[in-house]
Structures are given as C-alpha cells and as structure tokens.
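Asker: what's the 3D shape of this:
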Amino acid sequence: MQIEEDIKRFILRKLVRHRMWMHKHTSIHNLPKGLPDYLRSRKEVRKVIDELLRKGLLLSKPTSYGLEVSLNINKKKEIEEFIEKG
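Answerer: You can find the predicted model right below:
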C-alpha cells in the first residue's frame with residue numbers, strides 16, 4: 001500500500017538525516033513526529049515500525065523507560081536504496 005511505503009520512507013529518511021546508526025538511538029515514540037496529523041494517528045504507523053524491526057532495518061534496545069530504536073548499519077545499502085527509490 002502506498003501510504004505504508006510513504007511512512008516507511010519518512011521514518012528511514014528521518015533516522016538517516018539524524019544519523020541514528022547502531023549505538024545512537026531514539027525513542028520509538030519520536031518516529032511518527034513530523035508526519036501529518038491524518039497519518040500520525042493511524043494504526044499503520046505502528047504496523048510499519050513493527051515491519052521495519054522484523055526486516056532488521058531497525059534495531060531495538062529495550063530500556064527501563066521504553067523501547068529505543070536505531071538503524072542497522074549492516075543494512076545501510078538496502079536502506080539507502082529504499083529511500084532513493086521513492
């Protein structure tokens with residue numbers, strides 16, 4: 001679905017722009033920030049994040065205050081190709 005692809009691209013582009021690779025991470029709650037309100041409130045955002053975690057494009061780090069995520073450096077080429085494709 002096109003909306004899910006756009007959300008994936010937005011999240012990956014945002015993390016690349018902020019250089020969130022491997023040991024630099026951010027809260028999972030920060031990922032939808034910046035999306036338009038009509039997309040941010042949808043369940044697709046959480047579904048997309050879960051899919052990115054399953055595919056290994058995002059790495060998770062559980063903490064006492066919530067889940068943190070970062071980009072997987074081993075999938076850098078795949079991430080950059082996905083961003084450029086759109």
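
Asker: For residue 43, see how far away the residue lying farthest from the centre of the chain is.
Answerer: No residue in the chain sits farther from the centre than residue 64, which is 20.7 Å out by Cα atoms, centre = their mean. Taking Cβ to Cβ, to the nearest Å as the measure, residue 64 falls 27 Å from residue 43. Bear in mind the C-beta positions are built from the backbone N, C-alpha and C, glycine included.

Asker: cool, and residue 17?
Answerer: In terms of Cβ to Cβ, residue 17 sits 25 Å off from residue 43.

Asker: Tell me where the protein has strands.
Answerer: 26-27, 58-63, 66-71 (DSSP state E).

Asker: Just checking: what are the partner strands of the first one?
Answerer: Using DSSP bridges, the strands paired with strand 26-27 are strand 66-71 (antiparallel).

Asker: Now do the spatially most central residue of the chain, the pLDDT please.
Answerer: Of all residues in the chain, the one closest to the mean position by Cα atoms, centre = their mean is residue 11, 4.0 Å from it. Residue 11 carries a pLDDT value of 95.

Asker: what residues are up against it?
Answerer: Residue 11 is in contact with 31, 32, 48, 49, 52, counting by Cβ atoms under 8 Å, 6 or more residues apart in numbering.

Asker: Tell me which two in these are the farthest apart.
Answerer: 32 and 52 (12.6 Å; Cβ to Cβ).

Asker: who has more neighbours, the two?
Answerer: It is residue 52, of residue 32 and residue 52, that has more neighbours when counted by other Cβ atoms under 10 Å, with 24 against 19.

Asker: if I read this right, that one contacts residue 8, doesn't it?
Answerer: Yes - with contact defined as Cβ atoms under 8 Å, residue 52 reaches residue 8; the gap is 6.5 Å.

Asker: roughly how far apart are residue 61 and residue 1?
Answerer: 29 Å.

Asker: same question, residue 29
Answerer: 23 Å.

Asker: can I get the contacts of residue 11 in JSON lines with pLDDT and distance to residue 80?
Answerer: Output for the contacts of residue 11, formatted as JSON lines (pLDDT from 0 to 100; distance: Cβ to Cβ, whole Å):
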{"residue": "31", "pLDDT": "93", "distance to residue 80": "18"}
{"residue": "32", "pLDDT": "92", "distance to residue 80": "22"}
{"residue": "48", "pLDDT": "94", "distance to residue 80": "18"}
{"residue": "49", "pLDDT": "94", "distance to residue 80": "19"}
{"residue": "52", "pLDDT": "96", "distance to residue 80": "14"}
